[in-house]
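Engineer: Predicted coordinates and the sequence they were generated for:
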Amino acid sequence: MLNSSLTGFMGCNASYEEAEIVLFGAPFDSTASFRPGTRFASRAMREASFGLETYSPYLDADLEDRAVFDAGDPELCIGDSALALGEIGRVSRQIFSDGKLPVLLGGEHLVTLGVVREAVKKYADLHIIHFDAHTDLREDYLGARLSHATVLRRCWELLGDGRIHQFGIRSGLKAEFEWSKDHTFLHRFGFEGLEQTVRSLSGQPVYLTVDLDVMDPSVFPGTGTPEPGGVTFLELMTAVRTVAQGCNLIGADLVELSPALDQSGVSTIVACKLLRELLLELPHQKKNNI
């Protein structure tokens, strides 16, 4: 059984036994290719979350009424990507084996691979819905096969063709965009086609990975590789709700917040609010009624 976080995300104070959703962080940013700092995101989000209400007027729902457990952050080897992914996998494996749904807070985007490696063992027909500014489909980055720039390519190696659905993409090598034509479903710039994708995946297990730099830097400057031309917060929130309501979600993550790069703290609050809405949309039973 996992231990609870001493300073958990607001409203996520259920016991591990009663919770259906388990939140945990992955403080890792060793492969950041431009500006590091995402290792501090999960801690910053927990602290900042207490500046928000647990109640969502968008959903007329309150995290206080939900059974969500915050397991805190495992201790990760910052200098070794393989070891860090192994520890993320260990935590994910326990959550899956206990019949619960993991929600991961990055960290850089590479941390997604640690969860997906375990998810595909349980769900052989897994699909990934991927919101991001970047393709993340490189074979390697400066010789490294484990990188936040290669994470979806590594996931493709586990899932195969036609199982990764990418939205919001507006940056990457020409070779990545060309490669995607035969291997993934890549939607440029926004969420056009998302509702159709969700309908096509009805009943199938889906993992949602959200790189927060899918948002425009005017909304979300606190990220290591900002890309102009992104979506708004409300557009992203609506897209997350569309996936959560229409898909059989078996796990999710939010990654690539770098709190120190936005001294106003607004980017951290944006991430917190998106997490609140995601947690409220995921399947739940009320506390003490499991």
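Structural biologist: Received, thanks.
Engineer: Report how many residues lie close to the residue nearest to residue 14 when sequence neighbours are not counted.
Structural biologist: Take residue 14 and drop its neighbours on the chain: the residue closest to it by CB to CB, 6 or more residues apart in numbering is residue 67, 4.1 Å away. All C-beta spots, glycine's among them, are computed from the backbone N, C-alpha and C. Counted with other CB atoms under 10 Å, residues neighbouring residue 67 total 22.
Engineer: And for residue 255?
Structural biologist: 28.
Engineer: how much space is there between it and residue 36?
Structural biologist: Using CB to CB, to the nearest Å, residue 255 is found at 13 Å from residue 36.
Engineer: And residue 231, by the same measure?
Structural biologist: When distance is defined by CB to CB, residue 231 is 24 Å away from residue 36.
Engineer: Could you verify my assumption that residue 256 touches residue 106?
Structural biologist: Yes - in this structure residue 256 lies within contact range of residue 106 using CB atoms under 8 Å: 6.1 Å.
Engineer: list residues touching both of these two?
Structural biologist: Listed as contacting both residue 256 and residue 106 by CB atoms under 8 Å, 6 or more residues apart in numbering are 38, 41.
Engineer: Who has more neighbours out of residue 231 and residue 36?
Structural biologist: A direct count of neighbours by other CB under 10 Å for residue 231 and residue 36 places residue 231 higher, at 23 against 16.
Engineer: Show the contacting residues for that one.
Structural biologist: Contacts of residue 231 by CB under 8 Å, 6+ apart are 168, 190-191, 214-216, 239.
Engineer: try 6 Å this time
Structural biologist: The contact partners of residue 231, by CB atoms under 6 Å, 6 or more residues apart in numbering, come to 168, 190, 214-215.
Engineer: Residue 16 contacts residue 69, correct?
Structural biologist: Yes - contact status for residue 16 versus residue 69: in contact at 4.9 Å, counting by CB atoms under 6 Å.
Engineer: Tell me which of these two has more neighbours.
Structural biologist: Applying other CB under 10 Å to residue 16 and residue 69 shows that residue 69 carries more neighbours, namely 25 against 17.
Engineer: State the pLDDT value of the residue nearest to residue 14.
Structural biologist: Note for residue 67: predicted pLDDT of 93.
Engineer: Double-check that residue 39 belongs to a helix.
Structural biologist: Yes - per DSSP: H, G, I helix; E, B strand; the rest coil, residue 39 lies within a helix segment.
Engineer: Now do the helices in the stretch 1-150 of the chain.
Structural biologist: 41-49, 81-97, 111-122 (DSSP state H, counting those that start in this stretch).
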